[in-house]
Structure formats: structure tokens, C-alpha cells
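S.K.: Here is my input; please provide its structure:
(one chain, ligands or ions: 1)
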Amino acid sequence: MSEISKPSEQNLFVYFIASIAALAGLLFGYDTGVISGAILFIKSEFQLSSMMQEIVVGSVLLGAIIGAAVSGGVSDKFGRRQTIIATAILFAVGALGSAFAQNVIWLISCRVIIGIAIGVASFAAPLYISEVAPTEVRGALVSLNQLMITCGIVLSYIADYAFSASKNWRWMFAFGAIPAMILLIGMLFLPESPRWLLSQSLVRKARAILERIRNRKNVNKEFDIINKTLKQKTGGWRELLEPYIRPALIIGIGLAFVQQATGINTVIYYAPTIFQFAGFESARVSILATAGVGIVNVFMTIVAIWLLDKIGRRPLLFTGLIGMILSLGVLGLAFRMPNLSGALKWITVASLACYIASFAISLGPIFWLIIAEIYPLKIRGRAMSIATVANWTFNMIVALTFLTIAEKLGRSSAFWLYGLVAIAGFIFCYLFVPETKGRTLEEIEVTLRSGKCFKKS
Ligand code: BGC
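M.R.: Okay, here's the model as predicted:
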């Protein structure tokens, strides 16, 4: 066998590295999810209109767009480790700052800071993990990041529930400083990515770290592969305009649109509000019902990780999208029938759970996975950052418009609108999204360069 050893022979240190860095995913989930419960109390304390509520919820997303846009450059210049350390500081400062907010502008500014941290983290943490991970477990780690996001969301719901009795939204935010501090302290003990060190010509240091994380002296083969890859000329932004890249760019941006415009984050950020629409009067019960929805999200993400390499991306995408279309249809219908009253509550809970389960086995992990797979190595970083920025931009547009659409068009029309996008998304995925299961990244790249139909070949 080659020098690259089996995971069981690997130094446990690499798993420790991945778990610490994945705390950034947990913070991504926590800090995006926490607003769902907190907003119920913030709106009464600061007397917020629907528009102001949307701005408070959306501010984190504005920050995330900025963060995702700069993360590629920052992590290339300062290194992955330093970038994540800076991110952890921003997470902690933003969490404590929001907790002490005396007015809504203060709160919005701190949420923008947290957003920048989230945008950077959504790119830098998986990058760092993939660069230190042994080849054999790298694929699983991409989806592990999504799992950590969903765990962070559940944690935020639990915190929201715990502090809802005292209506203490400040503690909901402050709690996020704990994983941020653990991430900060943990990262101080972790090494820089050997790949980045090599790109800075710090050869000796890179080698010493690679030996340490692989737990053996002979790392020549891996070292040579990294060196060879680094010798490939990195494509500039111009290369993104090459006609052969176009289908892959369309797939990345299109999937980002479908992932966000089918309304996932109206559920993640506004689930308690939706439950209140549906007749759950107490904020606490609404938040509790939301925690149930979050647990379904985690559980079904685990199912997805298990199935992705067995049955493939496309069957999961189709199954998930059909589930989303049906549950959005039922949700819209439920809000059309006010007479259902008592039953309406439970139909809402069941259809939201079904909706999130369908998302979690499909668009949730598959968007992040596909954008890590379909771009040519030379321009992977830049192309991924375009898809990531697109994802956060669509996310913000949906969050900023949900309450207004629900007010102007009616709640049921809002859900049906997302259902229509899901139908269009199904057609888009059917026509364009390739099956990447069992294909090496090089094979995918060859197909892309050949200009053949991306899906069929
Ligand atoms: C999406 C997030 C969403 C999360 C929910 C992620 O894949 O990008 O916008 O909040 O899934 O689990």
C-alpha cells in the first residue's frame, strides 16, 4: 500500500484538529439560529416594526456576504489558522456586544460583526480541515461541516428555550461566546495548514507539521503531491469567464438559489414566529416545537451523510425536493383554512418537520458538497467563493422579504411561492446537476473541459 495510511493508523491529533475547527460550523449554526427565539423578545423590547425585525434578522446575512467575499483573500494572505483565530475573536466580540446592546442600531452592528465571522467561517474552516485531513476521510468531513451547522442550530434553539422563561434574549446571544472562546483557545494549540505553509515556501515547517499530523516520518509522497499541485498555475478571475466553466458556475449559483429561495431559513429563523401564526400562543411552546424541528434536521443530515455515497446525490436531491414541494403545499393549504384551528397547529408542526427532513437529506448537504466537487482545481477557491457569496445573498433576500410577503400576499401564498421555486428547482436539478458519486475530481474536471453535457457524461 502507499504511504498514505488508513484512518485507523492516523494520529488522533488530526481528528482533534478537525473537531476544534468544526466548532466554526457549530458557531455558524448557533449564531444564525439564535435569532429565531430572540427576535420574539427583541421586537417587544425595542418596539420593532416588521421591517425593522427583518433588518435585525438580515444584518447577520449582510455581514456573511462581506465575510464570504473576503475570506478567500484573507486566508491566502494570513493563513488558515490565523484567519480562524480572528474569526473566533469576532464571534466572541459580536456575541457579547449583542448581549449588551442598548439600542437597535448597536444590536444590528454587532450582528453584522457576527455575520462577517460566519461568512469567513463558512469558507475557511472546511478549507483548513480539508487541507489537514488525510485523503481517505476528506469527503466525509465536507458534510461533517453541515452536520455541525445543524447541531449549532439545535443548540441555539435549546438556549432560546432555556432563556425564554425569563424572556432574557441577552443571554441567548451571550451563550454563543462560549463555543467561540473554546474555538479561540483550541486554535491557539493547532498547527497551520502544511499546504498553506508550503505555498509560502516555509518548507521545513510544513514538513514538520505534516509528519506530526500524519504521525510518521515518511511523508515524502504526500509532500510531493502537494508540491506538484502548488506548481500548477492558479487561474485568475478571468479564467472564470472561460466558456467551459460556465455550466459549473450556473450549477453553483443555481443550486445556491434553489437552496435558499425554497425558504429554508424562513423556517430556521422564523419557526417560532410561524408557530405563533399557526396558533401556538406561548413563545416558549413555539420555541420548544422549533427545537423538535431542529433535531429532525440533525438526524436527517446524519442519514444523508450515510446515503450520499451509497445511492448518490441526484436521487437524494429529487426525493428531498419532492418532499419539500408536498410539505410546502400542505403548509400553504393549512394557512388557508382558519377553521382547522386546533388541528392547524399540528398540521403546521408535521409539515414543517417533513419539510426540514426533506431539505436535510437533499439541498442542505448537497449544495456544499457539489460546489466542493465540480470546479477545476486551478480556480476552485474563487469559484467556490462566488457560489458561497451567492448563497448568502439569496439567503438575505429571502430573510428580508419573508414577513413582508406573508403580510402582503398572505401566509399561505408565501409558502406556495417557495413551493413553486422548489418545482423549478426540481427541473433545474434534473437538467443540470451532475451525479458526482464515484467519480474522481479529475474525471469531473475532464468532462467539464470537454464541453460535453455535464449531467449525462
Ligand atoms: C444552509 C443554511 C441553512 C442550514 C440549515 C445550510 O446548508 O446553507 O442557510 O440555515 O443549511 O440546516
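
S.K.: The ligand contacts on the stretch 351-457 of the chain?
M.R.: The stretch 351-457 of the chain comes close to the ligand at residues 364, 367-368, 391, 395, as judged by C-beta under 6 Å from any ligand atom. C-betas here are computed from N, CA, C, even on glycine.

S.K.: With respect to pLDDT, which of the residues you listed ranks lowest?
M.R.: Lowest-confidence member of these: Trp368, scoring 87 (pLDDT).

S.K.: For the stretch 1-150 of the chain, give me the ranges with low pLDDT.
M.R.: Applying pLDDT under 70 to the stretch 1-150 of the chain flags residues 1-11, 135-141.

S.K.: Going along the chain, name the helices of it.
M.R.: 12-21, 23-33, 35-45, 50-78, 80-99, 104-132, 135-164 (DSSP state H, counting those that start in this stretch).

S.K.: For the residue in the stretch 101-250 of the chain that the ligand sits nearest to, the count of nearby residues, please.
M.R.: Per C-beta to the nearest ligand atom, Thr150 is where the stretch 101-250 of the chain lies closest to the ligand, at 4.8 Å. For Thr150, the neighbour count with other C-beta atoms under 10 Å is 27.

S.K.: Same check on Lys408?
M.R.: If you count neighbours by other C-beta under 10 Å, Lys408 ends up with 10.

S.K.: quick one, what contacts the closest residue to the ligand within the stretch 301-450 of the chain?
M.R.: Closest residue of the stretch 301-450 of the chain to the ligand, C-beta to the nearest ligand atom: Gly364 (4.4 Å). Shown in contact with Gly364 (C-beta atoms under 8 Å, 6 or more residues apart in numbering): 146, 150, 259, 264, 297, 301, 304.

S.K.: do that again at 6 Å, thanks
M.R.: Gln146 (C-beta atoms under 6 Å, 6 or more residues apart in numbering).

S.K.: in what helix or strand does it lie?
M.R.: Gly364 belongs to helix 363-373 when assigned by DSSP states H and E.

S.K.: That helix to helix 135-164, inter-axis angle?
M.R.: 140 degrees (axes from the mean of the first three to the mean of the last three C-alpha atoms, to 10 degrees).

S.K.: tally of neighbours for the residue nearest to Leu333 when sequence neighbours are not counted?
M.R.: When the adjacent residues along the chain are set aside, Leu333 lies closest to Ser412, with 6.9 Å between them (C-beta to C-beta, 6 or more residues apart in numbering). Other residues near Ser412 come to 17 when the count uses other C-beta under 10 Å.

S.K.: Do I have it right that Ser412 meets Gly332?
M.R.: Yes. Using C-beta atoms under 6 Å, Ser412 is in contact with Gly332, at 4.1 Å.

S.K.: ok, now how distant is the residue of the stretch 301-450 of the chain closest to the ligand from Leu183?
M.R.: Noted for Gly364: a distance of 22 Å to Leu183, by C-beta to C-beta, to the nearest Å.

S.K.: next one: Ile356
M.R.: Counting by C-beta to C-beta, the gap from Ile356 to Leu183 is 26 Å.

S.K.: re the thing from before, in terms of helices and strands, where is the residue nearest to Leu333?
M.R.: Short version, using DSSP H and E: Ser412 is in helix 411-432.

S.K.: Specify the stretch among the helices of the stretch 1-150 of the chain that is closest to Ala206.
M.R.: helix 104-132 (10.9 Å; C-beta to C-beta).

S.K.: ok, and for the closest one, which residues are buried?
M.R.: Counting neighbours by 16 or more other C-beta atoms under 10 Å, one finds that the buried residues in helix 104-132 are 104, 107-108, 110-130, 132.

S.K.: Indicate whether that helix makes contact with the ligand.
M.R.: No. Using C-beta under 6 Å from any ligand atom, helix 104-132 never reaches the ligand; the gap is at least 7.8 Å.

S.K.: Mind giving me the packing neighbours of that helix?
M.R.: helix 12-21, helix 23-33, helix 50-78, helix 80-99, helix 135-164 (3 or more C-beta pairs under 6 Å, 6 or more residues apart in numbering; DSSP states H and E).

S.K.: Without its sequence neighbours, what residue ends up closest to Phe280?
M.R.: Ser286 is the one closest to Phe280 (C-beta to C-beta, 6+ apart), at 4.7 Å.

S.K.: so what's that neighbour scoring on pLDDT?
M.R.: pLDDT, read off for Ser286, is 79.

S.K.: That one contacts Phe277, doesn't it?
M.R.: No. Ser286 is beyond contact range of Phe277, at 9.6 Å (criterion: C-beta under 6 Å).

S.K.: okay, these two: which has more neighbours?
M.R.: Neighbour count, other C-beta under 10 Å: between Ser286 and Phe277, Ser286 has more, with 26 against 15.

S.K.: Just list the residues touching the more buried one, thanks.
M.R.: 272, 275-276, 280.

S.K.: Quick check: phi and psi on it?
M.R.: phi -60, psi -40 (degrees, to the nearest 10).

S.K.: Against Gly342, how distant is it?
M.R.: Computed as C-beta to C-beta, the Ser286 to Gly342 distance reads 16 Å.

S.K.: Any idea how far stretch 76-86 is from the middle of the chain?
M.R.: Distance of stretch 76-86 from its chain centroid, counting by C-alpha atoms, centre = their mean, to the nearest Å, is 19 Å.

S.K.: I meant to write stretch 375-384 there.
M.R.: Centroid separation between stretch 375-384 and its chain, computed with C-alpha atoms, centre = their mean, is 18 Å.

S.K.: Which positions in it come out as buried?
M.R.: By neighbour count on 16+ other C-beta under 10 Å, the buried set for stretch 375-384 is 375-376, 378-384.

S.K.: What of stretch 222-229?
M.R.: For stretch 222-229, burial by neighbour count (16+ other C-beta under 10 Å) applies to 222-223, 226.

S.K.: one step back: quick one: contacts for the residue of the stretch 101-250 of the chain closest to the ligand?
M.R.: With C-beta under 6 Å, 6+ apart, Thr150 has these contacts: 297-298, 301.

S.K.: Top of those residues by number of neighbours, please.
M.R.: Going by other C-beta under 10 Å, Asn297 tops the contacts of Thr150 with 28 neighbours.

S.K.: list the contacts for that one?
M.R.: 150, 356, 360.

S.K.: how near is the last one to Ile311?
M.R.: Counting by C-beta to C-beta, the gap between Ala360 and Ile311 amounts to 15 Å.

S.K.: Looking at the helices and strands packed on helix 104-132, which is nearest to Ala406?
M.R.: Closest of those to Ala406 is helix 50-78, at 8.7 Å (criterion: C-beta to C-beta).
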